[in-house]
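**Q** got a predicted structure plus its sequence, pasted below:
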Amino acid sequence: MNCAPSWEERINAGFGENQRFVEEHGRAPQHGEDNDIFERLYAVRLDRIRTLEECRALVLPLDHQSLLSGVYTNDAESIETMDDDALLAEGRCCRGTRDYRVTTYVLWAAWNYLVLFMMAQW
């Protein structure tokens, strides 16, 4: 028996985290070196969900905040337009951390991003 969550459950859970961020901060998560690592991860995740039609269709019924339509879209640079150096800078604040919670979360978020990336290539 496989107890691992399905990709749909992971996408829904990730989108739920984005919605909680909006509820707490009153805006969509933004890219940017000055922002918290979690906010930057949420922004990357939201960008990928918006661009992948299968993911978008999955979470559309849950989107009571209109995140997919771009109501909370901000002027920050989209991940689609960022160059390699800017993308590498997104993870800069994690270097040298000894907080296992950050490392665990980053690994989990990277796994989610990898799943989204692989789905896009499929």
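**A** Arrived safely, thanks for sending. Everything quoted here is computed from the prediction, not taken from an experiment.
**Q** helix or strand with the lowest mean pLDDT in the protein?
**A** helix 84-90 (a mean of 60; mean pLDDT, DSSP states H and E).
**Q** ranges for the strands of this protein?
**A** Counting by DSSP state E, one finds no strands in the chain.
**Q** low pLDDT regions in it?
**A** By pLDDT under 70, the low-scoring segments of the chain are 1-4, 71-111, 114, 118, 121-122.
**Q** could you show me where the helices are in it, in order?
**A** Using DSSP state H, the helices of the chain run over residues 7-25, 37-51, 53-59, 84-90, 100-121.
**Q** just list the residues touching residue 117, thanks.
**A** Contact analysis of residue 117 by C-beta atoms under 8 Å, 6 or more residues apart in numbering lists residue 48. Bear in mind the C-beta positions are built from the backbone N, C-alpha and C, glycine included.
**Q** mind running it again at 6 Å?
**A** With contacts defined as C-beta atoms under 6 Å, 6 or more residues apart in numbering, residue 117 has no neighbours.
**Q** any idea how far it is from residue 61?
**A** Distance, residue 117 to residue 61, using C-beta to C-beta, to the nearest Å: 24 Å.
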